[in-house]
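J.: next input, structure requested:
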Amino acid sequence: VGFEALNVEIKSHLRGWYLDTARELAEEEVAKDGSESCALYNLAVSLSKHRDHATALRLLDRCLELWRVKFSDEHPSTASVYLQMGSTLCFMGKRDKALQM
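T.: Below you'll find the model as predicted:
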């Protein structure tokens, strides 16, 4: 096994560990105080960066639902969810839907 193949394998394992840990932390935050929205947003951003766009979009939808009630549509936190959703949709090749955001 060459260095490049080993490096790819290590990155894959680290990425998996990172995402599993992020999911666990989000679940712990929800269980602890019910404040799932921030954890969901952070996990969605991480998943999107690691190309799991479909899962990220589902989490962002849930986060948007929570933050629209908690803050309002005009709040900067809610706007950041819309921005992340638009970016994620663009990465998925759904630019028309992203523009509708």
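
J.: how far away is the residue most central in space within the chain from residue 54?
T.: When C-alpha atoms, centre = their mean is applied to the chain, the residue found nearest the centroid is residue 44 (0.8 Å). Residue 44 sits 11 Å away from residue 54, going by C-beta to C-beta, to the nearest Å. Quick note: C-beta positions are derived from backbone N, CA and C, even for glycine.

J.: residue 48 too?
T.: Counting by C-beta to C-beta, the gap from residue 48 to residue 54 is 10 Å.

J.: those two: which has the busier surroundings?
T.: Between residue 48 and residue 54, counted using other C-beta atoms under 10 Å, residue 48 has the larger neighbour count: 22 against 11.

J.: regarding that one, which helix or strand does it belong to?
T.: Under the criterion DSSP states H and E, the helix or strand holding residue 48 is helix 36-49.

J.: in that helix, what's buried?
T.: Going by neighbour count (16 or more other C-beta atoms under 10 Å), the buried part of helix 36-49 is 36, 37, 39, 40, 41, 42, 43, 44, 45, 46, 47, 48.

J.: now the residues you listed as JSON lines including pLDDT?
T.: JSON lines is the format used below for these (pLDDT from 0 to 100):
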{"residue": "36", "pLDDT": "55"}
{"residue": "37", "pLDDT": "67"}
{"residue": "39", "pLDDT": "80"}
{"residue": "40", "pLDDT": "82"}
{"residue": "41", "pLDDT": "88"}
{"residue": "42", "pLDDT": "87"}
{"residue": "43", "pLDDT": "87"}
{"residue": "44", "pLDDT": "90"}
{"residue": "45", "pLDDT": "91"}
{"residue": "46", "pLDDT": "87"}
{"residue": "47", "pLDDT": "88"}
{"residue": "48", "pLDDT": "90"}
